[in-house]
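Peer 1: Show me how the following folds:
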Amino acid sequence: MNKKGFTLLELLAVIAVIALLGGVTISMFSASTDTSSEEDLANKFKEIQEAAIVYVDLNDSWLSSFTNGNEIYVRLGELQNTNYISSGIKNPLTGEDFPSDYLIKIYKVNPTGDNSYVNSCIISKVGSNTRCIANSDGYACECCDYELNTNDNMNISCNY
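Peer 2: A predicted model of the protein is given here:
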């Protein structure tokens, strides 16, 4: 007798293959989402630093004090209060607001040489402790000659 249909073994094999493909797909998607969040965070850090440079450039009192020294510090809260950056900007990894007391350091690199240029970084100062949050590329490494940020919710690799 010839019956049409699938055996139980064939059905189980198909279900196992579908489950395997689904697991691989989900793990690949999860890894790409993590990378995307880290890139979003780096872009937010770069956006904050660019806003600080524009703020100093357009504000005569800040610009004159920057010209007299080789560095200047602008608080994230000041950029938010003057609408250079939106209030309530969130960390894409944690969903929390960035602290308004973050300092954006704008400094001259090689100020006495011919190849002088302006660079920036974001630092956090708590008491006498100063930590690097992000360099000008948005990553927490090689930042303003300060120790690296060890805060788990902002540990971005420096593979750029």
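
Peer 1: Provide a complete list of residue ranges assigned to strands in this structure.
Peer 2: Listed in chain order, the strands of the chain (DSSP state E) span 71-75, 103-109, 117-126, 129-134.

Peer 1: what's the angle between the last one and strand 103-109?
Peer 2: The one in question is strand 129-134. Angle between the axes of strand 129-134 and strand 103-109 is 80 degrees (criterion: axes from the mean of the first three to the mean of the last three Cα atoms, to 10 degrees).

Peer 1: do the first one as well
Peer 2: In terms of direction (the same axes, to 10 degrees), strand 71-75 departs from strand 103-109 by 160 degrees.

Peer 1: Return the distance of strand 71-75 from the chain's centre.
Peer 2: 19 Å (Cα atoms, centre = their mean, to the nearest Å).

Peer 1: ditto for stretch 48-62
Peer 2: Remark: stretch 48-62 is offset 20 Å from the chain centroid, using Cα atoms, centre = their mean.

Peer 1: Can you show me the CA trace of it as PDB?
Peer 2: Only the C-alpha atoms of stretch 48-62 are listed here, as PDB (Å, rounded to 0.1, in the frame of the first residue of the first chain):
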ATOM      1  CA  ILE A  48      28.400  66.600  21.500                       C
ATOM      2  CA  GLN A  49      32.000  67.500  20.800                       C
ATOM      3  CA  GLU A  50      31.200  69.100  17.500                       C
ATOM      4  CA  ALA A  51      28.400  71.200  19.200                       C
ATOM      5  CA  ALA A  52      31.000  72.300  21.800                       C
ATOM      6  CA  ILE A  53      33.500  73.400  19.200                       C
ATOM      7  CA  VAL A  54      30.800  75.400  17.400                       C
ATOM      8  CA  TYR A  55      29.600  76.900  20.700                       C
ATOM      9  CA  VAL A  56      33.100  78.100  21.600                       C
ATOM     10  CA  ASP A  57      33.700  79.400  18.000                       C
ATOM     11  CA  LEU A  58      30.400  81.400  18.000                       C
ATOM     12  CA  ASN A  59      30.700  82.800  21.600                       C
ATOM     13  CA  ASP A  60      33.300  85.600  21.800                       C
ATOM     14  CA  SER A  61      33.900  85.300  25.600                       C
ATOM     15  CA  TRP A  62      34.600  81.600  25.300                       C
END
